[in-house]
Structure formats: C-alpha cells, structure tokens
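1. sequence? don't have it. structure:
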C-alpha cells in the first residue's frame, strides 16, 4: 500500500503521519510522508487493512476495508 498525500488544491503534503492497521501487521506501524508527499508500506501479506492520515492543522482521514491480495500493489 502506498501513494502520495495531497491537499484539496492538489499540493503535496510532506510530514503527514500515515498509520497502518490490519490483520497482517502487528501493532500500528507508521511512516511519515516524504517532501513529495510519498508514503509506502511494502511487502504486506494479503488481508484487510485501514490507513489513517494525520497532520497537525489538518483533519484526520481514515480509509477502512482496503483489501490487499497476493502480489497486488495498491496506490
């Protein structure tokens, strides 16, 4: 699971905390978006996941029920 975080106007958002939860990962791993807003959670096992995006001064957004299949890459 990976992608690029942008604001409503399409501008990239660096420094966003992206947190992953799901049956295939222990705990709540998180990454910080790069200067170009990119984040990635590589090599996840198949299963259902949720991804939450948080940045001070902005609202928090969460996407639930993201299904990852064997060999699939999701952006």
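-> Thanks, I have the structure now. Values in this document were obtained by computation on a predicted structure and should not be read as measured data. Numbering: from 1, shown residues only.
2. so how far is residue 57 from residue 65?
-> The gap separating residue 65 from residue 57 is 28 Å, by CB to CB, to the nearest Å. For glycine as for every other residue, the C-beta is placed from the backbone atoms N, C-alpha and C.
3. Where does the closest residue to residue 35 other than its chain neighbours fall, secondary structure wise?
-> Distances taken as CB to CB, 6 or more residues apart in numbering put residue 14 closest to residue 35, at 4.7 Å, once the chain neighbours are dropped. In the assignment (DSSP states H and E), residue 14 maps to no helix and no strand.
4. Surely residue 12 is in contact with residue 4?
-> Yes: between residue 12 and residue 4 there is a contact under CB atoms under 8 Å: 6.6 Å.
5. Need the overlap of contacts for these two.
-> Shared contacts of residue 12 and residue 4, defined by CB atoms under 8 Å, 6 or more residues apart in numbering, are found at 36-37.
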